[in-house]
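J.: would you be able to build a 3D model of this:
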Amino acid sequence: MTKGWKVEFAGQNPEVRNQNSELGKRTVSFTISCFLFLVFAAFATASGQLLPVLGSQRVGITTAEFLKIGVGARANAMGESFAAVDNDAYALFYNPAGITQFDKTEIAIAHSTWFIGLQHDFIGAVYHLDKQNSFGISVISLQSDDMPVTTEVQPTGTGAYFKYGDLAVAATYARRMTDRFSFGVTAKFINETLAELSLRGFLVDLGTYYWTGVGTTRFAVSVSNFGGQLAPSGSVQLVDGTTVSKFQSFSPPTIFRIGFAFEPYQDKTNKLTASAQLNHPADNSENISLGAEYSYGAALFLRGGYKIGVDEQSYSAGAGVRIDAGFGAIYFDYAFTPYQRLGDVHRFSLNLRF
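T.: Residues are numbered from 1 along each chain as shown. The predicted structure is shown next:
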């Protein structure tokens, strides 16, 4: 017999055995991730309402509606299914815990022309105090051009003009409690102005972010615009000379979000992120948002989203690019959101990460 020969089977080779074990873990993680995603989406679609079904009975019961307008082209292109995706400065709006999910300083600027010529703008910045603690500030603005004052007896205008304007200024703090769990809180001051009237108040956002440990699956829960009732201040003189200075108070547009996200596929060049989110607004029935983002080389991005149970809205789409600069990276993003009767909305975003 020939001596010196050694035969090894794959099961006896430690290196091969480790590779097979790692491949098996990835396969199991991928399968479980897909299963959890499908279960979540199916449950949300089938259940329709986790909380009491009120639907149209709640429409029109809140104020400061500008706080419901989504910010950031990336998030809007994904149907605003973003609470569990949050890994950029737009987490300041959707889920304050999300600002712990990246480690660079970031400045984000977003703009869109809203309906009837309103200009909607967002600017935010995130700074990481250390590996556990992060801080951010943000400003949201919705402004109109000058509009003529009209009355019952002067329908073509009185010669005077007025403006409509909204402003929200917020500060956010978030902490990474463990390598899997983070929480965040935002305190915001809002000011809504319409001619001689103004509405001011303080609201709070709360959010959590949790990595399950199964593949790349993560859950997020956030509550936005939580606070007491708000009423306008100021006075208005009616045509008959009567002055009105007391007005009804309304609740803020609180919204509760539960999100789930994972990467069904990723390698060194390609990455696909999928997300599903259940939204429970205070002034309407629950709805569902689905979103997806494909990235090539972390430099080219294609996105899509779909909303279920939302009037006027359904699909959305967008794209983005990343450009490496000497100080860091620049992100340009675009989103297209069609509305059935109100028209199309185009959003543009610029992110600076360094």
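
J.: give me the buried positions along stretch 213-227.
T.: Across stretch 213-227, burial judged by 16 or more other C-beta atoms under 10 Å covers 214-227. All C-beta spots, glycine's among them, are computed from the backbone N, C-alpha and C.

J.: give me the distance from it to the chain's centre.
T.: Relative to its chain's centre, stretch 213-227 lies at 11 Å (C-alpha atoms, centre = their mean, to the nearest Å).

J.: over to stretch 323-337?
T.: Distance of stretch 323-337 from its chain centroid, counting by C-alpha atoms, centre = their mean, is 18 Å.

J.: go through it and flag the buried ones.
T.: By 16+ other C-beta under 10 Å, the buried positions in stretch 323-337 come out as 329, 331, 333, 334, 335, 336, 337.

J.: just the ones in strands from the residues you listed, please.
T.: Secondary structure assignment by DSSP state E places 329, 331, 333, 334, 335, 336, 337 of the buried residues of stretch 323-337 in strands.

J.: still on that earlier bit, can you add pLDDT and distance to residue 202 and give the buried residues of stretch 323-337 back as TSV?
T.: Formatted as TSV, these follow (pLDDT from 0 to 100; distance: C-beta to C-beta, whole Å):
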residue	pLDDT	distance to residue 202
329	95	35
331	97	32
333	97	31
334	97	34
335	97	30
336	96	35
337	94	30
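
J.: let me know the closest of these to residue 89.
T.: When these are ranked by distance to residue 89 (C-beta to C-beta), residue 331 comes first, at 10.0 Å.

J.: which residues touch the closest one?
T.: For residue 331, the contacting residues are 88, 320, 321, 322, 323, 349, 350, 351, 352, 353, by C-beta atoms under 8 Å, 6 or more residues apart in numbering.

J.: nearest to residue 236 among the buried residues of stretch 323-337?
T.: Residue 236 lies nearest to residue 337 out of these, by C-beta to C-beta, at 34.5 Å.

J.: for residue 253, phi and psi?
T.: phi -80, psi 70 (degrees, to the nearest 10).

J.: for it, which non-adjacent residue is spatially closest?
T.: With C-beta to C-beta, 6 or more residues apart in numbering as the criterion, residue 253 has its nearest non-adjacent residue at 4.3 Å, and that residue is residue 62.

J.: returning to that earlier point: save the ones in strands among the buried residues of stretch 323-337 as CSV, and put in distance to residue 112 too.
T.: As requested, those are exported to CSV (distance: C-beta to C-beta, whole Å):
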residue, distance to residue 112
329, 23
331, 17
333, 12
334, 10
335, 8
336, 11
337, 9
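
J.: hang on, the earlier thing: count the neighbours of the residue nearest to residue 253 for me.
T.: Residues near residue 62, counting by other C-beta atoms under 10 Å, number 22.
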